[in-house]
Structures are given as C-alpha cells and as structure tokens.
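Undergrad: Got a sequence here, can you model it:
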Amino acid sequence: MQKYVLIAAMAAALWWFTSQDDLEAITLPDGSLSFPGYTFSNPEPFDLQARVLSVKDYRWGRAADLSPRDLALGWGRMMEDEVVEEIQIRQSGRWYRWRSDSYPIPRREIEISSANMHMVPANEAVAQQLGRIDEDDRIRIVGKLVDISAADGWRWRSSRTRTDTGNGACELVLLEQIHWI
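TA: Residues are numbered from 1 along each chain as shown. The predicted structure is shown next:
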C-alpha cells in the first residue's frame, strides 16, 4: 500500500511541476518589467563573459518560481583553469561559497571576480538554454539587473556593485540572452 501512495505522490508532484504556467516578462508603459504577480524595477543593463564555476537548481518557493537556477560565475583570472583548480566551490541556500588552502590569486581578487547570480529567464527559450548550462562552460549572459516585488510586500533586490560580499551581494539577473564562448 505504501508503494502505491508513494507512486501517487510522485505522479502528483510531476504533474504539478509540468503544469506550471510559463512566466514571461512584460514591459510596462513606465519601462519597468512585470511577470504575472510581480513587478521588476530599476532595470540596469548587464552583460558579462564568465566561466561557470558551479550550478545549483531550486524547485521550491517563490524565488524558485522566478529563478530556478543560480550560477556561480567567475571572470577575469577566475576563468583560468590553474586558478579554479585550486579553489573548492559549492552552492547552497542561494549562496556561493569558496575556499582555498593556497590562494592562486589574492583573496580580494577572488571576491570581486566571482559571484553567485540568481537567473530569471525572460522567456521559455532562454529558460531552456539556462537548463543546458554546465559547470566549466564559458558563457556570455546579457540581460538586466533587477529588483523584484509583489503586491503583498515581498521583495528581492539585486546587488549592483562588484565590491560587495556576503548577504545581499548576489546579482538578480533578468536573463535575456545566453551565448556559449
């Protein structure tokens, strides 16, 4: 009996995940962007060439509905094999963490040349491309840094500087284009 309950629960979960409405950004007359139920404000153009240091998928919660995948990205010398090989990288809970026993480049350079970024695909085609990104890919991402809010007071803000670290330092990217380089 337990086996059938488990199978039914798995089938229900699969149906729920596959039946969710696709979210697509809508440009409002004031220039802000909106997804159904959310408003995107303070858009700032964003264009970055980087190496994918780590990939983390999220399936539960409001943030996952908008941003199903985070990318830990590195640019500058953080794209080099000999540098990345010396750094242990992991992601969890919408955070990117790294550590190194021997710094291949100065610590501050690692901090300002890498970041965890919350990816919000602007449409289904970009969402499919985002799902194909793997660790060590070299990509160019184009979009906008955005702040997101909902009518019930929920807010999610993007960092807009590369010198910050810790809580609030992640970029929230409305992802419009992905190019593999």
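Undergrad: C-alpha from now on. contacts and neighbour counts both.
TA: Will do.
Undergrad: Quick check: phi and psi at the spatially most central residue of the chain.
TA: In the chain, the residue lying closest to the centroid (CA atoms, centre = their mean) is His118, at 2.4 Å. Recorded main-chain torsions at His118 are phi -90, psi 120, according to degrees, to the nearest 10.
Undergrad: wait, doesn't it sit right on Ser67?
TA: Yes: using CA atoms under 8 Å, His118 is in contact with Ser67, at 6.0 Å.
Undergrad: For the protein, which segments are assigned as helices?
TA: Using DSSP state H, the helices of the chain run over 2-18, 62-66, 81-84, 107-112, 124-131.
Undergrad: how about the strands in this structure?
TA: 26-27, 33-35, 38-57, 69-74, 88-92, 95-99, 114-121, 138-150, 155-156, 171-180 (DSSP state E).
Undergrad: Pull the residues that contact the fourth one.
TA: Okay, so that is strand 69-74. 50-58, 91, 94, 96, 113-120, 130-131 (CA atoms under 8 Å, 6 or more residues apart in numbering).
Undergrad: And the fifth one, by the same measure?
TA: Counting by CA under 8 Å, 6+ apart, strand 88-92 makes contact with 53-56, 72, 96-100, all of which sit outside it.
Undergrad: Where does the prediction get shaky in the protein?
TA: Applying pLDDT under 70 to the chain flags the ranges 1-34.
Undergrad: Among the contacts of strand 88-92, which pair sits farthest apart?
TA: Lys56 and Ser100 (20.4 Å; CA to CA).
Undergrad: neighbours of Ile112, just the number please.
TA: 17 (other CA atoms under 10 Å).
Undergrad: So it sits against Asp164, correct?
TA: Yes: the pair Ile112 / Asp164 is scored as a contact, 7.5 Å apart, by CA under 8 Å.
Undergrad: start to end distance for stretch 98-105?
TA: In stretch 98-105, first residue to last residue: 13 Å (CA to CA, to the nearest Å).
Undergrad: Give the bridge partners for Ser41, please.
TA: Beta bridges link Ser41 to Asp147, judged by DSSP bridges.
Undergrad: quick one: it and Gln128, what's the gap?
TA: In terms of CA to CA, Ser41 sits 24 Å off from Gln128.
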